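>>> only the shape, not the letters, is given here:
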């Protein structure tokens, strides 16, 4: 199973992954402040009716973010 | 320490229950001022700590870290970085959500490192207990070097403990959590030496946040910039690394103090509710149901108190007119000031009800889901999911709506939201709509049960909404900025709203409206009273004489008075202006009489109806709508001999009032929120052009 290059935007509802890094410096700072840190488990909860934004669980709380923002969070699982 | 007053700042994450704590500490002893030089509200309140010591508490906007993302957030770093002002807090209380301590501790460690005496308040201890979480608070306090107070701000548990702790003397924490990087030690030391900054991390943030240093005099700011340049330090360079380092410290700390971690099942209610409210079908059904309920409340339900206020002010005004000694002062009070104040107070019920709803939706956690549902649709039009709240509020009044745009981080989206919100049909347009629709739309039912007049009214609201969305889309194409838009937002767990918090929000928003908009509406009503009561030379006196001489003998005293009032208005400054703009408004189908009403309703749209009543000499029975309607229906166009208010003229006026920026208070609020005259002027021009052109097209298409 190819695990390289996956990101949060590609996850399925209910799937869990581990944050490995970020592809966008500007957003990474904000995401990390919100508790989305490298090494932290992240769970994809559900997406909005139009598919965007999405809701994830990370560091014990729920975070909503747009698909394009979720795509900057690299994961492995 | 008796008789002294302590300055305390309240800092914390959004949704940490900071406002509940603030409300508990200060009760109704709250006031809203401004931070110097910025438009962000400064909420302060007084509380007594016991032993004769009182404290002034400042509630700062909710933030996730000391690095700001929006104007609201910038104020916190500015406030905490300025250590040499009479405003500098003597103690900082950091409020953290006990159910999610990790994120709260990031902010706490940053505040500790700033070198101000700090107290950690662990809020929502009740929820933490429910979730099965247990911490070793003694160790937490020792490791951090600051006092830790557990509270439940919703019930007020632990508030006395906090007060007792605030009375004690505290030194700042001895060792920083995050010692500044080796690479920046030199610029930091230089800065501390040159500017007398008393702490490493503070100096470091001076280098990191050039935008947050407005409190420094220009020369010092240049000095900071000089040091930054000399050492090739660019802002934001180490921010990510700092966050990682702090979190790794926090993780170690949490492992040491957590006696029992949370039981993941405690949020199952939130998960369940989210499944329904973000459902493809039910999500929107619920959202539109909520909207419908709000509209019901601010229209049919609010008319009861509004009619009462209207009647009270009308009778107060006529009572004063009769009892005060005759003269310009009596007339100013009875016809200028009292109706002016009445024109402000009449909107209070709608604003209070609307903000009650918005506050309930925010307190319960539902508002974040609305943003979540609407973001993708709104983004297509250059707006943001968070624009939904201002647009909804705009249906009651654009003033609090525009103030509600502050939560939008992105400058472009916020500006567009501000620019289009006044196109949403506000309650001041309703009296004009009702009277004109009654005049041109027959009271018939279509398809058996749809009232045609009701449909027309709904159509106008829809027209305003479509215009707002379309204008937003156009502005999205025109305004070019590099700033990126993002929506990284917490979806808080659902909770039953705390009703006292809802009450405080209502009081706060209503006060803001009454004082912000109120003073402008009042000032403009006085100016308009002057324009409508005085004319050049003795024209008005001559007009009165003329009426009395030529009037038929069988005219009652009241009818005579009405005719005098009408002719006086025609010869006043307002009348002269109305006549002089006639050539401009002729293409829209209006005459100078409507012109006068356009002028007088510039301060506030609803004045239109009253002015029409005066012009058509039915001033004394103006409360009765059917009289005005009757009179307007009978009015004949002097040129064509046809009825004045043809469907074309009526439609043209309806469209004009839907789009025109006929509201000085909104312009003033936009000026305040955008810090300049550029945007309010653009708004005035684009909305007036839109109104004029649309009214012109409608008039010509239908006549």
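Yes, it's here. Predicted, not measured: the structure shown is a model, and the values here were computed from it. Residues are numbered from 1 along each chain as shown, chains lettered A, B, ... in the order given.

>>> Three-state assignment for residue B:358, please.
Three-state call for residue B:358 (DSSP: H, G, I helix; E, B strand; the rest coil): helix.

>>> who's in contact with it?
Residue B:358 is in contact with B:367, B:389, B:392-393, B:404, B:505, counting by C-beta atoms under 8 Å, 6 or more residues apart in numbering or on different chains. In short, each C-beta sits where N, CA and C put it, glycine included.

>>> closest one of the residues you listed to chain A?
Set against chain A, the nearest of these by C-beta to the nearest C-beta is residue B:367 (12.2 Å).

>>> now the closest one. Nearest residue, chain neighbours left out?
Leaving aside its chain neighbours, residue B:367 sits nearest to residue B:361 (4.5 Å; criterion: C-beta to C-beta, 6 or more residues apart in numbering or on different chains).

>>> what of residue B:475?
residue B:416 is the one closest to residue B:475 (C-beta to C-beta, 6+ apart), at 4.8 Å.

>>> tell me which helix or strand the one you found sits in.
Following DSSP states H and E, one finds residue B:416 within helix B:411-420.

>>> could you look up the SS state of the nearest residue to residue B:211 once chain neighbours are set aside?
Closest residue in space to residue B:211, ignoring its immediate chain neighbours: residue B:74 at 6.6 Å, by C-beta to C-beta, 6+ apart. Here residue B:74 is recorded as helix under three-state DSSP.

>>> ok, now which ones touch residue 25?
You didn't pick a chain, so chain A it is. For residue A:25, the contact set (C-beta under 8 Å, 6+ apart) comprises residue B:240.

>>> chain B is the one I meant
B:45, B:47, B:57, B:159, B:162.

>>> tell me the one among those residues nearest to chain A.
Using C-beta to the nearest C-beta, residue B:162 is the member of the contacts of residue B:25 that lies nearest chain A, at 24.6 Å.

>>> tell me the gap between the helix or strand the closest one falls within and the middle of its chain.
Assigned by DSSP H and E, residue B:162 belongs to helix B:159-167. Centre-to-centre, helix B:159-167 and its host chain are 34 Å apart (C-alpha atoms, centre = their mean, to the nearest Å).

>>> can you name the next helix or strand after it?
helix B:185-195.

>>> which other helices and strands does that next one contact?
Judged by 3 or more C-beta pairs under 8 Å, 6 or more residues apart in numbering or on different chains; DSSP states H and E, the packing partners of helix B:185-195 are helix B:200-208, helix B:218-230.

>>> what's the closest of those to chain A?
helix B:200-208 (11.5 Å).

>>> quick one, that closest one and helix B:218-230 angle?
If you take axes from the mean of the first three to the mean of the last three C-alpha atoms, to 10 degrees, helix B:200-208 sits at 90 degrees to helix B:218-230.

>>> average pLDDT across helix B:200-208?
Per-residue pLDDT over helix B:200-208 has a mean of 89.

>>> re earlier: columns secondary structure and pLDDT on top of the contacts of residue B:358, output as TSV?
Below are the contacts of residue B:358 laid out as TSV (DSSP: H, G, I helix; E, B strand; the rest coil; pLDDT from 0 to 100):
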residue	secondary structure	pLDDT
B:367	helix	91
B:389	helix	85
B:392	helix	85
B:393	helix	83
B:404	helix	80
B:505	helix	87
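
>>> and those residues, which two are furthest apart?
Spatially, the most separated pair among the contacts of residue B:358 is B:392 and B:505, at 15.2 Å (C-beta to C-beta).

>>> can you list phi and psi of residue A:9 for me?
phi -70, psi -20 (degrees, to the nearest 10).

>>> per-residue confidence at it?
Looking at residue A:9, its pLDDT stands at 93.

>>> that one against residue A:74, yeah?
No - when contacts are counted by C-beta atoms under 8 Å, residue A:9 is not listed as touching residue A:74 (10.6 Å).

>>> now for the two: what residues contact both?
With contacts taken as C-beta under 8 Å, 6+ apart, residue A:9 and residue A:74 have no neighbour in common.

>>> which residues of chain A lie near chain B?
A:25-35, A:37-38, A:45-46, A:48-53, A:55, A:59-66, A:69 (C-beta under 8 Å from any C-beta of the partner chain).

>>> buried subset of those residues as a ChimeraX selection?
Selecting only the buried entries of these in ChimeraX, with 16 or more other C-beta atoms under 10 Å in any protein chain shown as the criterion:
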select /A:27,28,29,30,31,32,33,34,35,37,45,46,48,49,52,53,55,59,60,61,62,63,64,65,66,69
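
>>> residue ranges with poor pLDDT in chain A?
A:1-4 (pLDDT under 70).

>>> strands of that one, residue ranges please.
Per DSSP state E, chain A carries strands over the ranges A:16-22, A:41-47, A:54-58, A:61-65, A:73-76.

>>> my guess is residue B:528 contacts residue B:573. True?
No - Residue B:528 sits out of contact with residue B:573 when judged by C-beta under 8 Å, with a separation of 9.8 Å.

>>> so between these two, which is more surrounded?
Applying other C-beta atoms under 10 Å in any protein chain shown to residue B:528 and residue B:573 shows that residue B:528 carries more neighbours, namely 22 against 18.

>>> does that one lie in a helix or a strand, and which?
With DSSP H and E as the test, residue B:528 turns up in helix B:499-533.

>>> give me every residue in the stretch 301-450 of chain B lying close to chain A.
The interface of the stretch 301-450 of chain B toward chain A, taken as C-beta under 8 Å from any C-beta, is made up of B:368, B:371-373, B:375-377, B:385.

>>> deepest of the helices and strands packed on helix B:185-195, which one?
Across the helices and strands packed on helix B:185-195, the average number of neighbours (mean count of other C-beta atoms under 10 Å in any protein chain shown) peaks for helix B:200-208, which reaches a mean of 24.

>>> quick one: is that helix near chain A?
No - for helix B:200-208 and chain A, the contact criterion (C-beta under 8 Å from any C-beta) is not met; the two come no nearer than 11.5 Å.

>>> kindly calculate the angle that that helix makes with helix B:185-195.
If you take the same axes, to 10 degrees, helix B:200-208 sits at 90 degrees to helix B:185-195.

>>> just the strands in the stretch 251-400 of chain B please.
B:258-260 (DSSP state E, counting those that start in this stretch).

>>> now the helices for it?
Per DSSP state H, counting those that start in this stretch, the stretch 251-400 of chain B carries helices over the ranges B:268-277, B:282-296, B:303-323, B:328-331, B:338-345, B:348-364, B:366-380, B:388-393, B:398-403.

>>> so residue B:679 makes contact with residue B:421?
No - in this structure, residue B:679 is not within contact of residue B:421 by C-beta under 8 Å, at 12.0 Å.

>>> residues in contact with the host helix or strand of residue B:594: which ones?
Under the criterion of DSSP H and E, residue B:594 resides in helix B:592-600. For helix B:592-600, the external contacting residues (C-beta under 8 Å, 6+ apart) are B:528, B:531-532, B:569-570, B:574-575, B:577-579, B:581-582, B:585, B:590, B:607-608, B:610-612, B:615-616, B:653, B:662.

>>> what do you get if the cut-off is 6 Å, keeping everything else the same?
Under the contact criterion C-beta atoms under 6 Å, 6 or more residues apart in numbering or on different chains, helix B:592-600 has outside partners B:528, B:574-575, B:577-579, B:581-582, B:585, B:607-608, B:611-612, B:615.

>>> that helix vs helix B:499-533, what angle?
Angle, helix B:592-600 to helix B:499-533, by the same axes, to 10 degrees: 130 degrees.

>>> other SSEs contacting the helix holding residue B:528?
helix B:338-345, helix B:348-364, helix B:398-403, helix B:573-580, helix B:664-674 (3 or more C-beta pairs under 6 Å, 6 or more residues apart in numbering or on different chains; DSSP states H and E).

>>> from residue B:89, how far out is residue B:176?
The spacing between residue B:176 and residue B:89, counted by C-beta to C-beta, to the nearest Å, is 19 Å.
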